[in-house]
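Novice: Build me a model from this:
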Amino acid sequence: MRVGVVATSYPRWPGDAAGGFVAAHASYLRDAGAAVDLLAAGHGLPATPGLFFAGGAPEAIETALASGRPAALASAFGFSARMLAAVAWRARRWDAVAAHWLVPSAVAAALAPRRIPLLAIAHGGDVHLLARARLLTPVLALLAARDARLVFASDQLRRLALDAIPAPLARRIAARSIVQPMGVDDMRTAAVVRRRATRPSPPAGEPPTLVVMARLVPIKAVATAIEAMAYVRSPARLVIAGDGPLRTALVAQAAPHGERVRFVGWLDSDQRDALLARAAIVLVPSSPLGDGRSEGTPLAALEALAAGVPLVASATGGLLELGSHGATLVPSGDPRALAVAIDRVLDRVLDRVLGRTIDVVSSARSSDAPARALPIAALGWACVGVALDRHWSREPGYAPGPVASPATQASGPAAVAISVPAQVIPVC
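Specialist: Below you'll find the predicted structure:
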């Protein structure tokens with residue numbers, strides 16, 4: 001079977017983090033026996049680098065709209081037109097198509113003359129952008145008419161979409177959609193877990209390392225993490241991995257903290273894994289924007305949970321759904337609350353290292369301890385891919401067969417609880 005994978009961002013070189021989950025999905029499909037034909041920015045489709053990679057397409061398009069820069073908008077529309085033409089041509093050879101982001105990818109796949117099974121995956125920025133442009137209803141109506149199967153990266157994102165469209169269409173979309181965050185790399189995660197198991201956290205004589213892995217754009221609210229360092233009691237240091245249009249401003253904000261805040265820029269996959277292996281805490285301080293856009297389910301948060309790294313995140317968007325799986329959630333935009341949570345989690349880590357007994361009180365929103373252990377396999381592509389395939393296979397005969405995860409290969413096929421939407425993370 002030949003499956004088209006259509007996306008905007010996709011890794012441009014080995015280790016590039018841009019669109020890494022799209023590459024992981026394509027890899028899963030190949031392992032499941034499909035012949036994958038990729039069509040993405042920089043892979044069969046030329047695109048202006050700043051459009052999809054520097055800060056992300058939604059940010060680039062919104063900035064262009066706000067500043068009245070017609071050249072940036074022309075670049076976006078030109079890329080969309082090229083994608084539409086390329087999909088129409090290549091789809092003649094496809095048996096099915098998986099499209100990451102509703103626009104332009106899923107729209108291009110839905111408008112292709114050849115009617116083939118379509119899986120449309122919404123990641124967050126696409127839904128918010130369409131809602132603000134008042135295009136969400138026509139786009140979802142097109143996908144429903146095309147009988148596409150939809151996937152939303154978080155339950156909050158799915159509810160936002162359903163609430164923004166007419167009730168009859170909402171019922172059709174609800175019947176055709178599931179909630180499913182993207183997966184982490186099973187092999188790389190296992191390697192990080194092994195590395196963490198061989199060293200104390202934090203190592204003796206070293207200050208604990210707090211890690212932010214994010215694009216430096218407004219929605220990631222990295223400024224909140226920097227401001228929180230003024231209130232953190234621990235001698236912890238903050239390492240910020242990522243780049244983007246806010247870097248200059250954030251570096252200036254961090255200057256008074258000296259060596260306590262360090263910017264390391266974009267990291268490749270190996271460097272990210274090394275940083276995750278020595279992290280005491282991963283921070284995801286995202287904050288909703290003034291136009292209503294909120295965070296989805298960032299891969300950095302899932303990678304931390306899968307690797308057993310304590311996660312402190314804002315109680316916003318798809319991150320809310322991670323509270324019951326071990327994340328410590330704090331109010332967004334509140335550096336003092338973030339600092340308190342950091343110190344509490346570090347105290348808990350130190351207690352564990354020293355073998356001290358502590359009392360644990362769990363709460364889905366403000367806990368400093370996990371509410372429920374989450375199996376690592378549940379976040380990996382061996383499990384996530386199965387959930388996508390089973391949703392995609394409601395019309396039998398065209399989706400690739402599921403691949404058993406390493407933990408289940410010896411004991412039979414994986415059993416997956418697909419989110420609908422109370423269960424938002426599958427358990428293999």
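Novice: tell me the phi and psi of residue 39?
Specialist: Its backbone dihedrals place residue 39 at phi -140, psi 110, with angles given as degrees, to the nearest 10.
Novice: Spatially nearest residue to it, not counting backbone neighbours?
Specialist: Counting by C-beta to C-beta, 6 or more residues apart in numbering, residue 39 lies nearest to residue 6, which is 5.0 Å off, once chain neighbours are set aside. The way it works is simple: take the backbone N, C-alpha and C, and place the C-beta from them, glycine included.
Novice: these two touch, right, that neighbour and residue 94?
Specialist: No - in terms of C-beta atoms under 8 Å, residue 6 does not count as a neighbour of residue 94; the distance is 9.8 Å.
Novice: Looking only at neighbour counts, state which of those two leads.
Specialist: residue 6 (31 against 23; other C-beta atoms under 10 Å).
Novice: Low-confidence ranges, this structure, go.
Specialist: When the per-residue scores of the chain are filtered using pLDDT under 70, the ranges that remain are 48-72, 200-204, 350-377, 394-428.
Novice: Show me how it divides into domains.
Specialist: Following automatic domain parsing, one gets these domains for the chain: 2-179, 186-354.
Novice: out of the ones you listed, nearest to residue 384?
Specialist: Among those, the nearest to residue 384 by C-beta to C-beta is domain 2-179 (7.9 Å).
Novice: what's the offset of the closest one from the middle of its chain?
Specialist: Taking C-alpha atoms, centre = their mean, to the nearest Å, one finds the center of domain 2-179 at 14 Å from the center of the full chain.
Novice: ok, now stretch 269-277?
Specialist: So, by C-alpha atoms, centre = their mean, the centroid of stretch 269-277 is 17 Å from its chain's centroid.
Novice: So what touches that stretch?
Specialist: 14-15, 17, 20, 185, 188, 191-192, 195-196, 199, 209, 211, 213, 239, 241, 264, 267, 282, 303-304, 307, 309 (C-beta atoms under 8 Å, 6 or more residues apart in numbering).
Novice: same question, stretch 25-36
Specialist: The list of residues contacting stretch 25-36 from outside it, by C-beta under 8 Å, 6+ apart, reads 1-5, 38, 98, 100, 182-183, 381-382, 384-385, 388-389, 400-403.
Novice: try 10 Å this time
Specialist: Outside stretch 25-36, the residues that touch it by C-beta atoms under 10 Å, 6 or more residues apart in numbering are 1-5, 7, 10, 19, 37-38, 40, 93-96, 98, 100, 119, 121, 182-183, 185-186, 380-382, 384-386, 388-389, 399-403.
Novice: Buried residues, that stretch. List them.
Specialist: Buried residues in stretch 25-36, counting neighbours by 16 or more other C-beta atoms under 10 Å, are found at 25, 26, 28, 29, 32, 34, 36.
Novice: Can you work out which residues contact both of residue 6 and residue 94?
Specialist: By C-beta under 10 Å, 6+ apart, the residues touching both residue 6 and residue 94 are 37, 39, 87, 109, 112.
Novice: Using the three-state scheme, assign the closest residue to residue 154 other than its chain neighbours.
Specialist: Using C-beta to C-beta, 6+ apart and skipping residues adjacent in sequence, the residue nearest residue 154 is residue 318, 2.7 Å away. Of the three states, residue 318 takes helix under DSSP: H, G, I helix; E, B strand; the rest coil.
Novice: Surely residue 318 and residue 298 touch.
Specialist: Yes - with contacts defined as C-beta atoms under 10 Å, residue 318 counts as touching residue 298 at a distance of 7.9 Å.
Novice: Identify the contacts common to the two.
Specialist: Residues touching both residue 318 and residue 298 (C-beta under 10 Å, 6+ apart): 124, 153, 181, 286.
Novice: I'd like those written out as CSV, with neighbour count, distance to residue 226 and secondary structure added.
Specialist: As requested, the shared contacts of residue 318 and residue 298 are exported to CSV (neighbours: other C-beta atoms under 10 Å; distance: C-beta to C-beta, whole Å; DSSP: H, G, I helix; E, B strand; the rest coil):
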residue, neighbour count, distance to residue 226, secondary structure
124, 25, 24, coil
153, 26, 27, coil
181, 28, 27, coil
286, 27, 14, coil
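Novice: among these, which two are most distant?
Specialist: The most distant members of those, if one measures by C-beta to C-beta, are 181 and 286, lying 14.6 Å apart.
Novice: could you pull out the strands for this protein?
Specialist: Per DSSP state E, the chain has strands spanning 2-6, 35-41, 44-45, 96-100, 118-122, 149-152, 177-179, 209-213, 237-241, 261-265, 281-284, 311-314, 328-330. These are given in chain order.
Novice: So for stretch 2-22, what gets flagged as buried?
Specialist: Going by neighbour count (16+ other C-beta under 10 Å), the buried part of stretch 2-22 is 3-12, 16-22.
Novice: next one: stretch 181-190
Specialist: Taking 16+ other C-beta under 10 Å as the basis for neighbour counts, the residues of stretch 181-190 that come out buried are 181, 182, 183, 184, 185, 186, 188, 189, 190.
Novice: Verify the contact between the third one and residue 306 for me.
Specialist: Going back to what we said before, that points to residue 183. Yes - with contact defined as C-beta under 10 Å, residue 183 and residue 306 form a contacting pair (8.8 Å).
Novice: where do the contact lists of those two overlap?
Specialist: The overlap between the contact sets of residue 183 and residue 306 (C-beta under 10 Å, 6+ apart) consists of 189, 377, 378, 379, 380.
Novice: Most neighbours among these, which one?
Specialist: Within the shared contacts of residue 183 and residue 306, residue 379 tops the neighbour count with 28 neighbours, counted by other C-beta under 10 Å.
Novice: Can you name the residues that contact that one?
Specialist: With C-beta under 10 Å, 6+ apart as the criterion, the residues that contact residue 379 are 181-186, 189, 299, 301-307, 325, 425-426, 428.
Novice: let's see it at 6 Å
Specialist: Listed by C-beta atoms under 6 Å, 6 or more residues apart in numbering, the contact set of residue 379 reads 184, 302, 306.
Novice: nearest to residue 278, of those?
Specialist: Each of these was scored against residue 278 by C-beta to C-beta, and residue 306 proved nearest at 16.3 Å.
Novice: What's the local residue count around that closest one?
Specialist: Applying other C-beta under 10 Å, we find 25 residues neighbouring residue 306.
Novice: and residue 328, how many neighbours does it have?
Specialist: Neighbour count for residue 328, taken as other C-beta under 10 Å: 27.
Novice: With residue 89 instead?
Specialist: Every residue meeting other C-beta under 10 Å relative to residue 89 is counted, giving 12.
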